[in-house]
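[1] I need the structure of the sequence given here:
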Amino acid sequence: MEQFFIIVLLAGGTQALIPVDETTCDLRTNTCPCSPLLKGTVYIQVMTDASGREVTCLKMLPTVNIIVFNLKKETITIDKEFNNRLQFLIRNGTIKITNVRRNDSGQYSIEVFNSGGVREKNINFILDVKGNDKAESKLCVETYCDGRHDGAQCYGALGGTVDIQLVDSTSEISRYQLLKNSLKILDVREKMILSNTIKHRSVFFPSNGTFRITNLSRTDSGNYTLQTFDSDGKSSGVQILQLFFQAPVSSVLLVSECLSQGERRVSCSSEGGDSPQYSWTLDGRTLTDAEILSGNMKTNVITLKQHVSGHLACSVKNLVSKVSKEQRLSTCEIGHLPLISGVLSTLIIFLVVVVAAVCAQRKKQNSKTKATPSSYSAEEENDQEEIFADLRVVKQQAKQLEKRAELEFCRVKCSKRPRQTEPTIDDCLYVNVHKFR
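    Have a look, this model is predicted:
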């Protein structure tokens, strides 16, 4: 007996270590399919509180509807298919299903009545059970389309949901059909659904004339025709509806880097999304040309000027989605190494010029020792004039290089100050350059 209990405890302990995948769906705000994982647990919130109400949940099947559960006078009755797997939490209006099965997938309808028996609402949703590979689910985007006008164009997101308003809620149209490329999709007569060829991922609401399609794909794009009929079965009108679908933008990545002169390059990249459009804001306002060094408001890469700082945001959108990313930017430190290198380069050039002048003078002096005494005096006089001229040129070049060195050092010194006005020579610390005489 003791051994038996040990086995039970070990088995129970082992089972407790196995993680259970949980999915939460809120039907109050989301119309996308609820997609729990196989053998996992799903929480489906129908309303905030079901106390004092009567609730009936139906699973819609081609031939007959199954009552999944029924709540009446605080007593819950559950169908045998969901027995020991389903709970309805009255206090927060939530359905809990454990050990989710493949055949749990399908279309469901929930009717809610008040204590007087008057129907308050009718909620339709789709349960789409996924495999247990824990693959990341697709982004679900909901869009609305008003198809009551001929030639209407509507846009939806791939993998998302679109609600198409076909007729008015108070319409007196006896019968209407929705076709795509001559293929009948939906047939409704006297607000009763006669056929729906895509009912596994669509719901029609006769009360308000809205047709909801979920898990949209590119093949759903195209021209749709809505045909209406009078009570005698004669055609009363034809309307054309165009549907277009795009992949939504799922995420945005913002990367920035400082450049050598204190500018900042910022790149904005998006994951997914057809035909993305970019825009930039700084502290909630549009960037100005005075703040952008290169690029523009519609490019995904821009270079900001040195003084720009604040909360920079990049927004990426298309016809069905919009995602933004924000980053706090501070001014970049200007690197001293490039400026110091410029100063050293200037001094090296100056030294090279001086050394070249000295070498040229010595070469001329050596050549004079080989000249004849009669011609030496005249040539010596001419050479001295040339030497003096060369020295004057070197002196002028030295002054120019000295001024360049002062300006380079000025930039190093003044770069640490707040940017107000352009620096002048008087604002800087001069370099003492020894002159060659």
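[2] in this structure, which helix or strand is least confident?
    Least confident element among the helices and strands of the chain, by mean pLDDT, DSSP states H and E: helix 2-16 (a mean of 39).
[3] going by residue numbers, what spans are helices in the stretch 51-200 of the chain?
    With DSSP state H, counting those that start in this stretch as the criterion, the stretch 51-200 of the chain has no helices.
[4] thinking again about what came up before, show me what secondary structure element comes after the least confident helix or strand of the chain.
    Next along the chain after helix 2-16, taking DSSP states H and E as the criterion, comes strand 22-26.
[5] where does the stretch 151-300 of the chain dip in pLDDT?
    Counting by pLDDT under 70, the ranges of the stretch 151-300 of the chain that qualify are 169-170.
[6] switch the cut-off to 80
    For the stretch 151-300 of the chain, the stretches flagged by pLDDT under 80 are 169-172, 207, 272.
[7] which residues of the stretch 101-250 of the chain fall in strands?
    For the stretch 101-250 of the chain, the strands defined by DSSP state E, counting those that start in this stretch occupy 106-113, 119-127, 142-146, 152-157, 161-165, 175-180, 183-189, 192-196, 202-205, 210-213, 222-229, 235-246, 249-258.
[8] I'd like the ones you listed as CSV, with distance to residue 57 and mean neighbour count appended.
    The way it works is simple: take the backbone N, C-alpha and C, and place the C-beta from them, glycine included. As requested, those are exported to CSV (distance: least, C-beta to C-beta, whole Å; neighbours: other C-beta atoms under 10 Å):
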stretch, distance to residue 57, mean neighbour count
strand 106-113, 5, 18
strand 119-127, 9, 16
strand 142-146, 23, 16
strand 152-157, 28, 19
strand 161-165, 21, 23
strand 175-180, 28, 19
strand 183-189, 24, 17
strand 192-196, 19, 13
strand 202-205, 15, 20
strand 210-213, 18, 20
strand 222-229, 31, 17
strand 235-246, 31, 17
strand 249-258, 32, 16
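[9] nearest to residue 28, out of these?
    Closest to residue 28 of the strands of the stretch 101-250 of the chain, according to C-beta to C-beta: strand 119-127, at 8.9 Å.
[10] which elements pack onto that closest one?
    strand 41-45, strand 106-113, strand 202-205 (3 or more C-beta pairs under 8 Å, 6 or more residues apart in numbering; DSSP states H and E).
[11] confidence-wise, which of these is weakest overall?
    When the helices and strands packed on strand 119-127 are compared on average pLDDT, strand 202-205 comes out lowest at a mean of 85.
[12] show me what that one is packed against.
    Checked by 3+ C-beta pairs under 8 Å, 6+ apart, strand 202-205 has strand 119-127, strand 183-189, strand 192-196, strand 210-213 packed alongside it.
[13] could those go into TSV alongside distance to residue 49?
    Shown next, in TSV, are the helices and strands packed on strand 202-205 (distance: least, C-beta to C-beta, whole Å):
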stretch	distance to residue 49
strand 119-127	12
strand 183-189	34
strand 192-196	31
strand 210-213	26
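[14] hang on, the earlier thing: can you list the strands of the stretch 101-250 of the chain in CSV and add distance to residue 276?
    Output for the strands of the stretch 101-250 of the chain, formatted as CSV (distance: least, C-beta to C-beta, whole Å):
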stretch, distance to residue 276
strand 106-113, 34
strand 119-127, 29
strand 142-146, 17
strand 152-157, 13
strand 161-165, 20
strand 175-180, 28
strand 183-189, 31
strand 192-196, 35
strand 202-205, 29
strand 210-213, 24
strand 222-229, 24
strand 235-246, 10
strand 249-258, 6
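[15] lovely, talk soon.
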